[in-house]
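Peer 1: Structure of the sequence below:
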Amino acid sequence: MTDPRDDDGSADAFSWDGDDDPTLVHGGRSAPASPDLPAGFTAVGKGSERVRRSTGERRSTEGPNSTGEGSAPVDATSQVVSESEGARRGADVALVALGVLAGVYALYTVGWIVGGMRLQNVAVVLSPPLGALPALWLAVLAPTLWFAGSVWFTRGRSLWQRFVWLIAGAAVLIPWPFVLVGTVGT
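Peer 2: Numbering: from 1, shown residues only. Below you'll find the model as predicted:
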């Protein structure tokens, strides 16, 4: 069965026809009406006449779809849209980096559990049994407490300060018993 919106009744899977279909859903976000183009770049293709240059000029509109507008100044709303989009992309990168660091801290917790269990016999010899168990629990909880504390105490500060504390904690809290002994060694 063919789509009634097809012109000739045949649909090619590799064509871009139909992208301007009004019933097509684009993921919930609407694109800005006329995006800015950085200096030195040239817009090509369908809809390139609507792209503005960052100098405030509108792209020349020669061709079959010419509207003859010439140039139009850049309005403040398109600049706000592009600034908020840049901030959103920075927040996306920060969220991914925070997830990666959370995974590192989770692996550190597992490393302290495994390494601490391997060193339990040695710890009893070096310290009393009542002191070895709380030390093991503090070592296991240290990565989780550092991550939560770094996120909590830097919530009102700039993002780079949060990442400095998280990276410093990743350097300080390396599970050395697991790194040096591993799961098999003695």
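
Peer 1: Now do the buried residues in stretch 85-99.
Peer 2: Leu98 (16 or more other CB atoms under 10 Å). For glycine as for every other residue, the C-beta is placed from the backbone atoms N, C-alpha and C.

Peer 1: List the buried residues in the helix or strand hosting Thr144.
Peer 2: For Thr144, the host element (DSSP states H and E) is helix 129-153. Using 16+ other CB under 10 Å as the test for burial, helix 129-153 gives 132, 136, 139-140, 142-144, 146-147, 150.

Peer 1: next helix or strand past the helix ranked longest in the chain?
Peer 2: If you go by DSSP state H, the chain has its longest helix at helix 76-118. Where DSSP H and E defines the elements, the next helix or strand beyond helix 76-118 is helix 120-126.

Peer 1: who's in contact with that following helix?
Peer 2: 116, 132, 135-136 (CB atoms under 8 Å, 6 or more residues apart in numbering).

Peer 1: swap in stretch 138-146?
Peer 2: Contacts of stretch 138-146 (CB under 8 Å, 6+ apart): 105-106, 108-109, 112-113, 116, 169, 172-173, 175.

Peer 1: For those residues, which entry has the maximal number of neighbours?
Peer 2: Most neighbours among the contacts of stretch 138-146, by other CB atoms under 10 Å: Trp112, with 25 neighbours.

Peer 1: ok, it touching Phe178?
Peer 2: Yes. Using CB atoms under 8 Å, Trp112 is in contact with Phe178, at 7.1 Å.

Peer 1: if we can go back for a sec, which of the contacts of helix 120-126 lies closest to Arg50?
Peer 2: Gly116 (62.2 Å; CB to CB).

Peer 1: how close does Gly149 get to Leu37?
Peer 2: 45 Å (CB to CB, to the nearest Å).

Peer 1: Show the contacting residues for Val181.
Peer 2: Taking CB under 8 Å, 6+ apart, one finds 115, 118-119 in contact with Val181.

Peer 1: The same query, at a cut-off of 10 Å, please.
Peer 2: Counting by CB atoms under 10 Å, 6 or more residues apart in numbering, Val181 makes contact with 114-115, 118-119, 122.

Peer 1: quick one: which of those residues is most hemmed in?
Peer 2: Neighbours here mean other CB under 10 Å. Within those, the largest count is held by Gly115, at 21 neighbours.

Peer 1: Help me confirm that that residue comes into contact with Leu173.
Peer 2: No. Between Gly115 and Leu173 there is no contact under CB atoms under 10 Å: 11.9 Å.

Peer 1: picking up where we left off before, want to try JSON lines for the contacts of Val181, with distance to Gly45 and pLDDT as columns?
Peer 2: Rendered in JSON lines, the data for those read as follows (distance: CB to CB, whole Å; pLDDT from 0 to 100):
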{"residue": "Val114", "distance to Gly45": "56", "pLDDT": "89"}
{"residue": "Gly115", "distance to Gly45": "57", "pLDDT": "86"}
{"residue": "Arg118", "distance to Gly45": "61", "pLDDT": "82"}
{"residue": "Leu119", "distance to Gly45": "64", "pLDDT": "80"}
{"residue": "Val122", "distance to Gly45": "68", "pLDDT": "75"}
